[in-house]
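**Student:** no FASTA, just this:
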């Protein structure tokens, strides 16, 4: 049965616009970003400026473009955690290529603590890139041990593999994971993908209203080199997307379902039926 989504969704018509970002040598970031009592993470101006070279958007490379059609609003089940509105106006990649890590933060909703799959859209309709299709990726779920909304101390819970398909169409590709029950107040869901310079795999929603300090990014200059166990131990240590001069949210969603149920014990004269949960 379809229900209204548990997170706020925005309007679906939007366009990509030019972001001016300078290219400099990649420098590690000192992270001290937390969200406590509703306060925003504080990022030193020097850190923010030095970090902006690490990511690049499709609009920076190709120029501005506007989506020319309205996309229908698709209702999601109540078990879907989402920040996006279903449309990517831009797409993000590492300037020099490498292993890009993108993640969204969510507050756990009572009754929807068990995550069963991760859904991701790839690229942007503004600049379709067929070379993205077929790229392997990894999805991941992390807990938030201290509940501050920052993945600096994120604890990796599970991962699963998938292959990019339907890039540039706002189509969500669902990757099943081992059902994972979140026991902390917040959690993170994300992806890791290797790509080359000039590719922009990370679908990015820029339509107002966006949700600040909820989308994060990390990465490695080496393909396959991203550390998902310790997100601070990367060439690009984990930081908010705003630290790179970008405003918006990843098209990355978490799908909650029922947790694993115990197998009933047969009794004499009773036939036990089990649903196929594979």
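**Tutor:** Structure received. On a predicted model such as this, the values are computed, not experimentally measured, just so you know. Numbers count the residues shown, from 1 in each chain.
**Student:** Can you tell me how far residue 250 is from residue 146?
**Tutor:** Residue 250 is 23 Å from residue 146, where distance means C-beta to C-beta, to the nearest Å. In this view, the C-beta of every residue, glycine as well, is placed from N, C-alpha and C.
**Student:** Between the two, which has more neighbouring residues?
**Tutor:** More neighbours surround residue 250 than the other of residue 250 and residue 146, with 26 against 13 (other C-beta atoms under 10 Å).
**Student:** hang on, that one packs against residue 202?
**Tutor:** Yes - judged on C-beta atoms under 8 Å, residue 250 makes contact with residue 202 at a distance of 6.2 Å.
**Student:** Would you map the strands across the stretch 151-278 of the chain?
**Tutor:** Per DSSP state E, counting those that start in this stretch, the stretch 151-278 of the chain carries strands over the ranges 155-163, 173-181, 186-196, 202-205, 215-220, 236-240, 249-250, 252-256.
**Student:** Please name whichever of the ones you listed is nearest to residue 92.
**Tutor:** Proximity to residue 92 (C-beta to C-beta) singles out strand 202-205 among the strands of the stretch 151-278 of the chain, at 4.0 Å.
**Student:** circling back: what's the most buried one of the strands of the stretch 151-278 of the chain?
**Tutor:** strand 202-205 (a mean of 29; mean count of other C-beta atoms under 10 Å).
**Student:** So what touches that one?
**Tutor:** 10, 14, 57, 83-93, 100, 102, 120-124, 170, 193, 217, 246, 248-251 (C-beta atoms under 8 Å, 6 or more residues apart in numbering).
**Student:** Recalculate using a threshold of 6 Å.
**Tutor:** The contact list for strand 202-205 (C-beta atoms under 6 Å, 6 or more residues apart in numbering) reads 84, 85, 88, 90, 91, 92, 102, 121, 122, 248, 249, 251.
**Student:** Can you give me every residue that contacts the fifth one?
**Tutor:** Read it as residue 91. Contacts of residue 91 (C-beta under 6 Å, 6+ apart): 58, 123, 124, 200, 202, 203, 204.
**Student:** Closest to residue 232 out of those residues?
**Tutor:** residue 202 (19.7 Å).
**Student:** what pairs with that closest one across the strands?
**Tutor:** On the basis of DSSP bridges, residue 202 is bridged to residue 92, residue 122.
**Student:** Now do it against residue 109, distance only.
**Tutor:** 25 Å.
**Student:** swap in residue 136?
**Tutor:** 31 Å.
**Student:** What of residue 147?
**Tutor:** Residue 147 is 14 Å from residue 109, by C-beta to C-beta.
**Student:** next one: residue 139
**Tutor:** 20 Å.
**Student:** Check the separation of the first and last residues in stretch 167-177.
**Tutor:** One end of stretch 167-177 to the other measures 21 Å (C-alpha to C-alpha, to the nearest Å).
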